[in-house]
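K.L.:
A predicted structure for the sequence below; I have some questions about it.
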Amino acid sequence: MEENCVFCKIVSRKAPADIVYEDDRFISFLSIDQKTPGHSLVIPKEHFRWFYDVPETGEYFEAVKKVALATKRALGADSVSILTLGFEVPHAHVWVIPRKEGDGHGTNIDFSIGVKMPPAERKEIAGKIRECL
């Protein structure tokens, strides 16, 4: 665990998060900067800088797939975009972004778009995703 890493703090429960999935090696939670409602991040519990540094890459993407399919079902999304950017926080993370026609993003995710949601709505969305796992 990296002392100053916000994602490591989420893993250790020293920082709050709306958790949607967790197993022995990975955890997923709603992004603080929602691109669409239900946008989550999937991270390894152990600190790695980049997704390709994670030794269990296959298991990692199985966790991403579980979250993506549950998100699609829970929110009635048309599709789910999966991105491995990783510049915002220096801890490996995969973005899982539910997509619907007319979500304002067009073909590609517009990073300038953000969706503000009250905490109660975030908790409700996280709960719906958890129920579909």
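P.N.:
On my side now, so go ahead. Computed from a predicted model, the values in this text were never measured in an experiment.
K.L.:
what pairs with the residue nearest to the spatial centre of the chain across the strands?
P.N.:
Residue closest to the mean C-alpha point of the chain, counted by C-alpha atoms, centre = their mean, is residue 41 at 1.7 Å. Under DSSP bridges, the beta-bridge partners of residue 41 are residue 29, residue 95.
K.L.:
you'd agree it is up against residue 31?
P.N.:
Yes. With contact defined as C-beta atoms under 8 Å, residue 41 reaches residue 31; the gap is 5.3 Å. C-betas here are computed from N, CA, C, even on glycine.
K.L.:
what do those two both touch?
P.N.:
By C-beta atoms under 8 Å, 6 or more residues apart in numbering, residue 41 and residue 31 have these common neighbours: residue 95.
K.L.:
list phi and psi for residue 7.
P.N.:
With angles defined as degrees, to the nearest 10, residue 7 sits at phi -70, psi -40.
K.L.:
how near is it to residue 16?
P.N.:
13 Å (C-beta to C-beta, to the nearest Å).
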